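J.: For reference, the sequence and a predicted model appear below.
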Amino acid sequence: MATGDIDPDAIIQLVSNEGKIFDVEIGAIQLSTTLKDMLEACGFDPDSPDEAPVPIPNVNSAILQKVIEWCRHHRDSPPEEDEDANDGRQKPAHVDKWDQEFLTVNQGTLLGLMLAANYLDIRGLMTATTKTVANMLRGLSVEEIRDKFGIVNDFTAEEEEEIRKQNDWCEDT
């Protein structure tokens, strides 16, 4: 049975890497290309008593719950693809208001959401998380970025200068 033929309000169970089970509507989880394709390939039947919960081994419970919340919110109005993604100008990336508020989380949660969006192939969530990170980094120096993310500089002063010379074309003019 193709997922398009299944009632979008039918429930599927997802299991986090900690074993917590989440009941999710098919219509919401179809924003995940990975899950949508898997359900179609396996002939998912929500009315069958034999349907086992779907394990999501790379995602913990807290992040999976946030992913489900995001999918439910965008279920009936998925985010549109960004058509002017790279017009060459440096400007703040647009993230809609609901997503901005939803993604106002600590760095660990934001990274977890980004990794889950990538793993589950949820393009809209991946776009929103990467734009959020890009906006966080906009205008920061290399040193400020290192401080913000706890990155240790393992280059010598000479190596760093050489890298800056090689990449001076990408600096603001």
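T.: It's in. Numbering: from 1, shown residues only.

J.: Show the average pLDDT along stretch 156-166.
T.: For stretch 156-166, mean pLDDT rounds to 87.

J.: With just CA atoms, put it into CSV.
T.: Below are the C-alpha coordinates for stretch 156-166, written out as CSV (Å, rounded to 0.1, in the frame of the first residue of the first chain):
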residue,chain,number,x,y,z
THR,A,156,50.6,27.9,14.0
ALA,A,157,50.6,31.7,13.3
GLU,A,158,52.5,31.0,10.1
GLU,A,159,50.0,28.3,8.9
GLU,A,160,47.1,30.6,9.7
GLU,A,161,48.6,33.5,7.7
GLU,A,162,49.2,31.2,4.7
ILE,A,163,45.6,29.9,4.8
ARG,A,164,44.4,33.5,4.9
LYS,A,165,46.5,34.4,1.9
GLN,A,166,45.2,31.4,-0.1
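
J.: chain center to the strand or helix carrying residue 124: distance?
T.: If you go by DSSP states H and E, residue 124 is part of helix 123-137. Between the centre of helix 123-137 and the centre of its chain there are 8 Å (CA atoms, centre = their mean, to the nearest Å).

J.: Point out the other helices and strands that it packs with.
T.: For helix 123-137, the packing partners by 3 or more CB pairs under 8 Å, 6 or more residues apart in numbering; DSSP states H and E come out as helix 61-74, helix 97-102, helix 107-120, helix 142-149. For every residue, glycine as well, the C-beta is placed using N, CA and C.

J.: I'd like these as JSON lines, with distance to residue 12, mean neighbour count and mean pLDDT appended.
T.: As requested, those are exported to JSON lines (distance: least, CB to CB, whole Å; neighbours: other CB atoms under 10 Å; pLDDT from 0 to 100):
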{"stretch": "helix 61-74", "distance to residue 12": "11", "mean neighbour count": "19", "mean pLDDT": "97"}
{"stretch": "helix 97-102", "distance to residue 12": "22", "mean neighbour count": "14", "mean pLDDT": "95"}
{"stretch": "helix 107-120", "distance to residue 12": "13", "mean neighbour count": "18", "mean pLDDT": "96"}
{"stretch": "helix 142-149", "distance to residue 12": "36", "mean neighbour count": "12", "mean pLDDT": "86"}
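
J.: returning to what we had before: how about the helix holding residue 124: buried residues?
T.: 124-129, 131-133 (16 or more other CB atoms under 10 Å).

J.: now swap in stretch 22-33 and tell me
T.: Under the neighbour-count criterion of 16+ other CB under 10 Å, stretch 22-33 has 22, 24-32 buried.
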